[in-house]
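In: need a structure here:
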Amino acid sequence: MLVVVPTYDERENLPGLVERVLTTLPRTRLLVVDDGSPDGTGDLADDLARADPRVSVLHHRPKRGLGAAYVDAFAHVMSAHPADEIGWVVQMDADGSHAPEDLPALLASARDETADLVLGSRYVPGGRVVNWPRHRNALSRSANVYSRVALRLPVQDVTGGFRLFRRAVLEEITRTPVSSQGYCFQVDLAFRVHRGGFTVREVPITFTERTAGASKMSGAVVREALWRITAWGVRDRVSAARRR
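Out: Okay, here's the model as predicted:
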């Protein structure tokens, strides 16, 4: 298994996250994709990689966005690691909001239920959010409702960034270019998995608001998600109507 962690100004959070991931799953690998962090996160990631062969780093200079970071990471995994070496690919945030200690539950769900995508879900029974401001909680829940309705997705937490993909399925759904850049990238890939007829499962997690660093959420991110999700939903309905 390989864990992909995108970073932008996460110098305070990255060392602790790397330690927790590798302590929880000592045989896993971890790929940091630094998006041109001005605070030196990329240099710190290089130091961590030199200290532990399980850690590797990709650098984006200049900043290219969350979607591009993940797309490049996935392409790197496919080219650098054979399928019998890396069968599962995880994506998770660097800010400590996703607990590495939940990784075994995601992996167990994938194996036991033969799932192709396992979502670490805040909004299924047993999932919860800790220390989030009320407006962020409302925005997240509203975005999930809108995404589920617009795209007819049978999942409760389609916007979350803590997820595990079966490598073969990830390779399949990224054959078509991915243009989404912000947080709607998460919706995009979940939609592709569902539309491709693959199996999606949700595992409850506790999402904890970061204690260091700043959130990357912005008005531009929200606007991109709104127009892209609307466009995908309209296109999907038009395509379904034409098939009738």
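
In: Can you tell me how far the residue nearest the centre of the chain is from Ala80?
Out: Centroid-nearest residue in the chain, with C-alpha atoms, centre = their mean: Gly161, separated by 3.4 Å. Using C-beta to C-beta, to the nearest Å, we find Gly161 at a distance of 23 Å from Ala80. Bear in mind the C-beta positions are built from the backbone N, C-alpha and C, glycine included.

In: ok, now Leu139?
Out: Using C-beta to C-beta, Leu139 is found at 37 Å from Ala80.

In: Settle it for me: which of those two has more neighbours?
Out: Using other C-beta atoms under 10 Å as the criterion, Leu139 and Ala80 rank with Leu139 on top: 15 against 12.

In: Thr41: what's it in contact with?
Out: 7-11, 14, 34 (C-beta atoms under 8 Å, 6 or more residues apart in numbering).

In: per-residue confidence at it?
Out: Per-residue pLDDT puts Thr41 at 96.

In: Begin at 39 from now on, thanks
Out: New numbering, starting at 39: the last item is Thr79.

In: Distance-wise, check it relative to Val272.
Out: Taking C-beta to C-beta, one finds Thr79 at 38 Å from Val272.

In: And Met130, by the same measure?
Out: 31 Å.

In: With neighbour numbers in mind, choose between the two.
Out: Met130 (25 against 11).

In: Just give the nearest non-adjacent residue to the more buried one, would you?
Out: Counting by C-beta to C-beta, 6 or more residues apart in numbering, Met130 lies nearest to His136, which is 4.4 Å off, once chain neighbours are set aside.

In: for Asp274, same thing?
Out: Closest residue to Asp274 apart from its sequence neighbours, by C-beta to C-beta, 6+ apart: Leu189 at 6.6 Å.
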